[in-house]
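Peer 1: I'd like to go over a predicted model; first the sequence, then the structure.
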Amino acid sequence: PSIYLANAAPLAEYAAELDALSHYTEFFAISQVTADELNSVLSRFHRTGTKSHVQVAWPQDTLTPGSRANRKIDKAGPIVLMTGDDARKNTFGGLAGIAAATSDEAERDVVVVGMAGQEARVHHWSIAAAMRPGEARTLGRVSDDELAELLAQASCVVVPSFNEGLSLPVIEALRAGVPVVASDIPAHRELIGAGAFSCDPTSPRSIAQAIRKVRGSSAVAGQQMGQLGRHRHAVLEDAVAASIERYVPKAENQTQRIATANEATAQSSRLSIGVATPWPPQRSGVADFSRAVFTELASIADITIYT
């Protein structure tokens with residue numbers, strides 16, 4: 001809220017609306033950082049007789065390595081800047097750091113992901129960062145396969161965000177076996193700890209130093225993936241199923257359970273699900289994905305979107 005809400009009035013309105021969260025009992029967070037913030041919010045709106053349960057949960061295949069994860073990394077491969085059309089993503093800072101790290105190279109190969117439709121802005125930012133015209137390419141929207149193909153060629157991935165709730169780009173890069181230069185923020189430390197790959201997002205010099213240290217390093221990628229593999233979280237599919245089980249009346253067998261659930265639905269005693277997510281017209285893949293998923297889910301549950 002401190003980033004997106006400009007003054008006291010919308011901040012106060014936002015804080016008041018958070019009271020709606022106290023009507024829910026089960027919460028699934030994308031990271032421990034997010035879970036801690038949510039618990040702090042819920043503690044301010046405690047309702048007598050209501051006990052909230054917050055757990056960190058990820059989809060089952062989140063950490064499954066890609067088919068090329070064990071490849072040999074080409075140190076001359078492109079540097080991939082994974083960012084977004086949002087000030088907190090620090091796109092210009094990332095470009096400036098990359099430019100400084102590669103200042104002695106005859107030609108740069110920089111690919112910017114997450115700024116689809118913003119080619120002109122990235123071009124001007126790259127020039128301002130002391131790159132030559134054309135050295136920073138901006139990709140449009142890419143499929144999962146196209147992203148995997150790009151990362152398979154990369155020498156490192158740079159994620160210079162000022163703030164994150166989780167940081168999916170870090171996970172995507174490591175699934176591809178690519179070392180990551182990441183800003184030293186709580187969400188990144190939760191995923192991969194801290195080390196030579198950590199940087200101050202406010203300092204292009206710090207970003208450049210981290211790039212020089214880890215670019216093309218399979219050892220760093222392995223260290224980061226090892227840390228990520230120790231992340232503590234539930235399996236989302238199992239956690240959601242267990243949560244639903246607690247609210248569907250017990251039955252002696254599966255057939256009776258389905259019939260009981262259908263009868264409960266017919267009587268309008270449907271599950272009430274709140275989702276905190278980006279949502280159109282916000283321009284993001286997460287927003288589009290959320291609309292597609294929760295529009296369908298609304299046919300069998302009561303959905304409230306918080307955005």
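Peer 2: Received it, and whenever you're ready, just let me know what you need. Numbering: from 1, shown residues only.

Peer 1: got the residue ranges for the strands in the chain?
Peer 2: Taking DSSP state E to define them, one finds strands in the chain at 26-29, 53-58, 79-82, 110-113, 136-138, 156-159, 180-183, 198-199, 234-235, 272-276, 302-306.

Peer 1: Now tabulate the ones you listed in JSON lines and tack on mean neighbour count and distance to residue 43.
Peer 2: In this view, the C-beta of every residue, glycine as well, is placed from N, C-alpha and C. Formatted as JSON lines, the strands of the chain follow (neighbours: other C-beta atoms under 10 Å; distance: least, C-beta to C-beta, whole Å):
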{"stretch": "strand 26-29", "mean neighbour count": "20", "distance to residue 43": "13"}
{"stretch": "strand 53-58", "mean neighbour count": "18", "distance to residue 43": "11"}
{"stretch": "strand 79-82", "mean neighbour count": "27", "distance to residue 43": "34"}
{"stretch": "strand 110-113", "mean neighbour count": "23", "distance to residue 43": "38"}
{"stretch": "strand 136-138", "mean neighbour count": "21", "distance to residue 43": "43"}
{"stretch": "strand 156-159", "mean neighbour count": "29", "distance to residue 43": "31"}
{"stretch": "strand 180-183", "mean neighbour count": "30", "distance to residue 43": "28"}
{"stretch": "strand 198-199", "mean neighbour count": "23", "distance to residue 43": "31"}
{"stretch": "strand 234-235", "mean neighbour count": "14", "distance to residue 43": "22"}
{"stretch": "strand 272-276", "mean neighbour count": "16", "distance to residue 43": "17"}
{"stretch": "strand 302-306", "mean neighbour count": "14", "distance to residue 43": "18"}
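
Peer 1: Now do stretch 28-37: distance from first to last residue.
Peer 2: Using C-alpha to C-alpha, to the nearest Å, the end-to-end distance of stretch 28-37 comes out at 13 Å.

Peer 1: Can you list the buried residues in it?
Peer 2: For stretch 28-37, a neighbour-count test (16 or more other C-beta atoms under 10 Å) marks 28, 29, 30, 31, 32, 33, 34, 35 as buried.

Peer 1: burial measure for the nearest residue to residue 5 once chain neighbours are set aside, as a count.
Peer 2: Distance criterion C-beta to C-beta, 6 or more residues apart in numbering; nearest residue to residue 5, sequence neighbours excluded, is residue 11 at 4.9 Å. Residue 11 has 14 neighbouring residues, counting by other C-beta atoms under 10 Å.

Peer 1: mind checking how far residue 11 is from residue 159?
Peer 2: 28 Å (C-beta to C-beta, to the nearest Å).

Peer 1: got the residue ranges for the helices in the stretch 1-150 of the chain?
Peer 2: 8-17, 32-43, 91-101, 119-128, 144-153 (DSSP state H, counting those that start in this stretch).

Peer 1: Residues contacting the last one, please?
Peer 2: Helix 144-153 has contacts (C-beta atoms under 8 Å, 6 or more residues apart in numbering) with 66-68, 71, 74, 77-78, 80, 111, 113, 139, 142, 157, 172-173, 176, 178.

Peer 1: for the helices of the stretch 1-150 of the chain, which one ends up most surrounded?
Peer 2: For the helices of the stretch 1-150 of the chain, the largest average neighbour count (mean count of other C-beta atoms under 10 Å) is found in helix 91-101, namely a mean of 25.

Peer 1: any residues touching that one, and which ones?
Peer 2: Applying C-beta under 8 Å, 6+ apart, the contact partners of helix 91-101 are 79, 81, 83-84, 108, 110, 112, 115, 122, 125-126, 128-131, 136, 158-160, 181, 199, 201-212, 215.

Peer 1: So which of the buried residues of stretch 28-37 is the closest to residue 185?
Peer 2: residue 33 (8.8 Å; C-beta to C-beta).

Peer 1: residue ranges of the helices in the stretch 151-300 of the chain, please?
Peer 2: Under DSSP H, counting those that start in this stretch, the stretch 151-300 of the chain gives helices at 168-175, 186-192, 204-214, 218-229, 236-247, 254-266, 285-297.

Peer 1: weakest of these by average pLDDT?
Peer 2: Between these, the lowest average pLDDT goes to helix 254-266, which shows a mean of 56.

Peer 1: Stretch 230-244 spans what distance, first to last residue?
Peer 2: 27 Å.

Peer 1: where does the stretch 51-200 of the chain dip in pLDDT?
Peer 2: For the stretch 51-200 of the chain, the stretches flagged by pLDDT under 70 are 67-70.
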